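Novice: what follows is a protein structure lacking sequence information:
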């Protein structure tokens, strides 16, 4: 019973897990860590200071570390193996996936080049395949 209580204290909260998973996926996709502002937008936090509080808590719990004091220096130390079969975890993971894709689309829309437009189309197709939205009409040029 004591071991069970101890492991529950070690596990991150649902919000912390969502943040940790977002950071881990962002680093895997981009090769560098997200900025606090990118985290704020992707996870719909109200302020950058909210992100900082959550990051500091994950650092103190040993899930994250900052390599140095520069931007984008977050490094995931441990992604807790969450039980992927529970509906709550699946819903949370789906929501994170959708927000990550939509955040990437928003970043790409700021660019004005063919590569960005192709990437946007690919990501929109991914959203459609994953069931987040219906098919988009495309220009047939």
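Specialist: Perfect, thanks for sending it. What you see is a predicted model, and the numbers here were worked out from it, not measured in a lab. Numbering: from 1, shown residues only.
Novice: wait, what's in contact with the spatially most central residue of the chain?
Specialist: Closest to where the C-alpha atoms of the chain average out (C-alpha atoms, centre = their mean) is residue 22, at 2.0 Å. Taking C-beta atoms under 8 Å, 6 or more residues apart in numbering as the criterion, residue 22 is in contact with 34, 39, 42, 43, 96, 99, 100. (C-beta placed from N, C-alpha, C; glycine too.)
Novice: for the last one, which residues are in contact?
Specialist: Under the criterion of C-beta under 8 Å, 6+ apart, the neighbours of residue 100 are 22, 25, 26, 29, 42.
Novice: possible to save those residues as CSV with distance to residue 55?
Specialist: Shown next, in CSV, are the contacts of residue 100 (distance: C-beta to C-beta, whole Å):
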residue, distance to residue 55
22, 11
25, 16
26, 13
29, 19
42, 14
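Novice: on that earlier part again, so how far is residue 130 from the residue nearest to the centre of the chain?
Specialist: Residue 22 sits 16 Å away from residue 130, going by C-beta to C-beta, to the nearest Å.
Novice: and what of residue 123?
Specialist: 10 Å.
Novice: please say which of these two ends up with more neighbours.
Specialist: Set side by side, residue 123 and residue 130 show more neighbours around residue 123, with 16 against 12, by other C-beta atoms under 10 Å.
Novice: quick check: the more buried one touching residue 107?
Specialist: No. Counting by C-beta atoms under 8 Å, residue 123 stays clear of residue 107, with 10.3 Å between them.
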